[in-house]
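Peer 1: with the input below, show me the fold.
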Amino acid sequence: MANKSHAIEWLEKSYHDLDSAKILFEAGHYTDTISYILHQSIEKTFKSYLAYKNVPIVKTHNLIELYEFSEIGLDLNEDEIEFLAIATTYHTKQRYPSPHKRLPPKEEIKVILDFAIGLMESICQQLDIDNNEIKKL
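Peer 2: Take a look at the predicted model:
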């Protein structure tokens, strides 16, 4: 049995992260901060699908694992799988200081941002959720 209201809760949180990432990107903010928020948005988008299916939410930050576990009806291509791999590193590499840390390039952030927007739109469409339902403040 589908749990649309639980999925909407996850998607609302995902949208908050995604909208924040867009605002920060447009303002020219630090890409390490934007990248971490983007990771969180993508993770919550996948977890919304699990919530919809009433499946226990997997405790992982690996976006490829979440994609595979969720058995989402999306057929991501090789480039999109690579976007998930890149975004997964945002959680692990951008979260804490390290001696050889680099800021993700703006061009890369833009690609992942666009991917995250498209992913959310696709999931909303699959779950028959109007984008306006998740844009609550």
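
Peer 1: and the residue most central in space within the chain, what pLDDT?
Peer 2: Most central in the chain under CA atoms, centre = their mean is Ile42, positioned 0.9 Å from the mean C-alpha point. Note on Ile42: pLDDT of 97.

Peer 1: next, the buried residues of the one helix or strand it maps to.
Peer 2: Following DSSP states H and E, one finds Ile42 within helix 31-52. By 16 or more other CB atoms under 10 Å, the buried positions in helix 31-52 come out as 31-32, 34-52. In short, each C-beta sits where N, CA and C put it, glycine included.

Peer 1: got the contact list for the helix or strand of the chain with the lowest mean pLDDT?
Peer 2: Least confident helix or strand, the chain: helix 131-134 with a mean of 86, by mean pLDDT, DSSP states H and E. Defining contact as CB atoms under 8 Å, 6 or more residues apart in numbering, one finds that helix 131-134 is touched by Ile8, Leu11, Glu12, Ser14, Tyr15, Glu121, Cys124.

Peer 1: try it again at 7 Å.
Peer 2: Applying CB atoms under 7 Å, 6 or more residues apart in numbering, the contact partners of helix 131-134 are Ile8, Leu11, Glu12, Tyr15, Cys124.

Peer 1: could you do stretch 48-61 as well?
Peer 2: Contact with stretch 48-61 is made by 1-4, 6-7, 10-11, 14, 43, 47, 66, 69-70, 72, 88, 91, 123, 127, as judged by CB under 7 Å, 6+ apart.

Peer 1: which among those end up buried?
Peer 2: In these, the ones that pass as buried (16+ other CB under 10 Å) are 6-7, 10-11, 14, 43, 47, 66, 69-70, 72, 88, 91, 123, 127.

Peer 1: what's the lowest-pLDDT member of those?
Peer 2: Minimum pLDDT for the buried ones among the contacts of stretch 48-61 is recorded at Ile72 (78).

Peer 1: residues touching that one, list them.
Peer 2: By CB under 7 Å, 6+ apart, the residues touching Ile72 are Tyr49.

Peer 1: using the three-state scheme, assign it.
Peer 2: At Ile72 the chain is in coil, as set by DSSP: H, G, I helix; E, B strand; the rest coil.

Peer 1: please consider this matter closed, and thank you.
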